[in-house]
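Q: Show me how the following folds:
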Amino acid sequence: MSHSIDIDAIFIEDRCNPPTERCLPWRETKSGISVVVEPKPHWADDLRVFRLDRREYCFYADWLASGSRARFYGHIDPSGADLLLQARTMLAREIAEGLWDEVA
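A: Below is the predicted model:
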């Protein structure tokens, strides 16, 4: 019998992996600034972090080392909130299509 799975359980399971092996974005706060970390694509040198409320990003290594003093770059890429919403939408669609069963 299949148990239903929810989006939050998938995010929780993904957070159990080390940052470089995660598939979904996650939220971090350091020095009073909240960001969303984007999973590292196979071609990237480093992860990127996006300000939660602005269309700005920096590299994860800079964020870890400098926190709020990290240099953020303005960009047309999404904000951190946009990244989280996109991931949740993708997971909802995949669950509806039956692509997810139970989180191991």
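Q: alpha carbons only for contacts and neighbour counts from here, please
A: Fine.
Q: from what I can see Arg27 touches Glu38, true?
A: No - checked against Cα atoms under 8 Å, the pair Arg27 and Glu38 is beyond contact range at 9.2 Å.
Q: Compare these two and say which is more crowded by neighbours.
A: Glu38 (25 against 16; other Cα atoms under 10 Å).
Q: buried stuff in stretch 42-55?
A: The neighbour-count check on stretch 42-55 (16 or more other Cα atoms under 10 Å) flags Asp46, Leu47, Arg48, Val49, Phe50, Arg51, Leu52, Arg54, Arg55 as buried.
Q: How far does stretch 71-80 stretch from one end to the other?
A: 16 Å (Cα to Cα, to the nearest Å).
Q: any chance you could map the helices in this protein?
A: 7-15, 60-66, 80-96 (DSSP state H).
Q: okay, these in a markdown table with distance to Gly32 and mean pLDDT next?
A: Conversion of the helices of the chain to a markdown table gives the following (distance: least, Cα to Cα, whole Å; pLDDT from 0 to 100):
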| stretch | distance to Gly32 | mean pLDDT |
| --- | --- | --- |
| helix 7-15 | 21 | 93 |
| helix 60-66 | 12 | 91 |
| helix 80-96 | 15 | 93 |
